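Trainee: curious how this folds, go ahead:
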Amino acid sequence: MSGGGNRRDTNLTATAAVATIAAGVAAGYALYRGVEWLLGSNESQENQPHQNHPHQQNQPNPYREQLRLPMIRRPQPITPHRFLRNQVIHVVNTVEQCQYSMKELKTHCDEYNVLGFDCEWNLEQESGRKSVALLQLASSRGLCVLIRLSELQYIPKELEAILEDASIIKVGVAPDGDAALLKNDYDGVRVASTLDLRFVAQEAKSSVMRKSSLAHMADEFLGVSLDKDPSIRCSNWEASTLTNAQIDYAATDAHVAIELFKYFAKKIDPTKKSEYIIENYFVNLIDEDFDYQNFEV
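Mentor: Model prediction:
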């Protein structure tokens with residue numbers, strides 16, 4: 001009897017040990033799957049546009065079926081400046097993508113009515129240049145939309161509405177020149193309310209020269225070094241797929257433009273919103289060509 005009892009006790013102990021190990025393995029696997037799902041969920045969300053309202057979550061996302069390239073968030077920017085850490089890039093190749101991105105961009109403009117504005121095109125020996133291939137718009141919240149006009153071949157109405165909206169200020173260096181090119185290349189589209197950043201720098205009492213480039217002001221006032229490698233600047237902007245270097249170059253130019261405006265606006269009056277700054281300091285300089293000789297430094 002005692003021998004049988006010992007065997008039963010041993011069997012029970014072994015069974016309990018196996019059950020304990022099995023439970024531990026199951027719990028560990030469940031934890032692993034949970035962490036894997038969480039990381040996958042975060043990665044997926046990082047490559048989706050911001051959702052501003054709960055009801056928008058069911059809206060079809062035209063970027064969903066594409067590779068990671070058309071939508072990029074840089075957790076570690078090329079430069080140390082803090083604003084690039086929040087940069088999100090939409091590369092627009094289709095009308096559906098344009099509609100989606102313009103809706104989000106308009107929401108950002110309702111909060112801060114200024115956009116960084118720039119264009120890229122290919123050079124041509126005979127005519128000097130081809131039609132504008134890429135239009136860049138950047139919001140104060142770090143959304144940079146790169147619209148591939150060479151793919152679209154026209155200006156979708158959602159984009160046209162933002163370009164022609166006089167209440168949305170488009171800032172850059174010589175933005176009126178880019179606006180003229182768009183008008184010439186795309187059926188007379190009007191880019192309303194351009195503002196040269198050199199006007200804003202001059203009002204903020206920041207040193208500026210007539211030939212000050214965006215790169216010069218970015219370095220002097222933001223501490224950001226822009227890569228102006230000719231192999232990128234003069235690259236093929238009509239290529240079937242833009243390289244990461246081209247995307248970085250184009251998005252950062254537009255993003256730096258809006259950040260320069262924000263920097264100068266704070267120097268002019270840190271207590272006022274962008275609408276007040278525009279209305280009280282620059283209303284007569286909208287759509288004007290900057291002429292350094294007419295201004296004191």
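
Trainee: only C-alpha atoms for contact and neighbour calcs from this point on.
Mentor: OK.

Trainee: so where's the stretch 101-250 of the chain uncertain?
Mentor: 208-211 (pLDDT under 70).

Trainee: per the record, what domains does the protein have?
Mentor: Domain ranges of the chain: 1-46, 70-294, per automatic domain parsing.

Trainee: surely residue 137 is within a strand?
Mentor: Yes. Assigned with DSSP: H, G, I helix; E, B strand; the rest coil, residue 137 falls within a strand.

Trainee: just grab the bridge partners of it for me.
Mentor: residue 117, residue 145 (DSSP bridges).

Trainee: buried residues in stretch 196-205?
Mentor: 196, 197, 198, 199, 200, 201, 202, 203, 204 (16 or more other Cα atoms under 10 Å).

Trainee: and the strands in the chain, which stretches?
Mentor: For the chain, the strands defined by DSSP state E cover 71-73, 88-92, 114-124, 128-138, 143-148, 169-172, 194-196.

Trainee: got the ones you listed as TSV, with distance to residue 260 columns?
Mentor: Shown next, in TSV, are the strands of the chain (distance: least, Cα to Cα, whole Å):
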stretch	distance to residue 260
strand 71-73	21
strand 88-92	18
strand 114-124	9
strand 128-138	12
strand 143-148	15
strand 169-172	9
strand 194-196	11
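
Trainee: distance of the closest residue to residue 141 other than its chain neighbours from residue 162?
Mentor: Excluding its sequence neighbours, the residue lying closest to residue 141 (Cα to Cα, 6 or more residues apart in numbering) is residue 108, at 6.9 Å. Distance from residue 108 to residue 162, counting by Cα to Cα, to the nearest Å: 12 Å.

Trainee: which one of the domains of the chain is the most hemmed in?
Mentor: Each of the domains of the chain was scored by mean neighbour count; the highest is domain 70-294, a mean of 18, by mean count of other Cα atoms under 10 Å.

Trainee: mind listing the helices in the chain by residue range?
Mentor: For the chain, the helices defined by DSSP state H cover 2-46, 95-111, 149-152, 157-163, 175-185, 197-203, 214-217, 230-233, 244-268, 274-277.

Trainee: avg pLDDT for stretch 275-292?
Mentor: For stretch 275-292, mean pLDDT is 92.

Trainee: what sits up against it?
Mentor: 112-113, 174, 176, 192-196, 198-200, 203, 209-210, 265, 268-269 (Cα atoms under 8 Å, 6 or more residues apart in numbering).

Trainee: now do the same end-to-end measure for stretch 206-224.
Mentor: 16 Å.

Trainee: ditto for stretch 261-280
Mentor: Termini of stretch 261-280 sit 15 Å apart (Cα to Cα).

Trainee: not counting sequence-adjacent ones, nearest residue to residue 287?
Mentor: Nearest residue to residue 287, sequence neighbours excluded (Cα to Cα, 6+ apart): residue 194, at 4.8 Å.

Trainee: contacts only, for the one you found.
Mentor: 169, 170, 171, 172, 175, 176, 179, 286, 287, 288.

Trainee: do the same with residue 168
Mentor: 109, 113, 114, 115, 162, 192, 193.

Trainee: if I look at the last one, how far off is residue 166?
Mentor: Applying Cα to Cα, one obtains 5 Å for the distance of residue 193 from residue 166.

Trainee: could you do the first one as well?
Mentor: In this structure, residue 109 and residue 166 are separated by 12 Å, where distance is defined by Cα to Cα.

Trainee: please apply the same query to the third one.
Mentor: Between residue 114 and residue 166 the distance, using Cα to Cα, works out to 11 Å.

Trainee: what does the fourth one give?
Mentor: Counting by Cα to Cα, the separation of residue 115 from residue 166 is 12 Å.

Trainee: intersection of neighbour lists for these two?
Mentor: Joint contacts of residue 115 and residue 166 (Cα under 8 Å, 6+ apart) do not exist.
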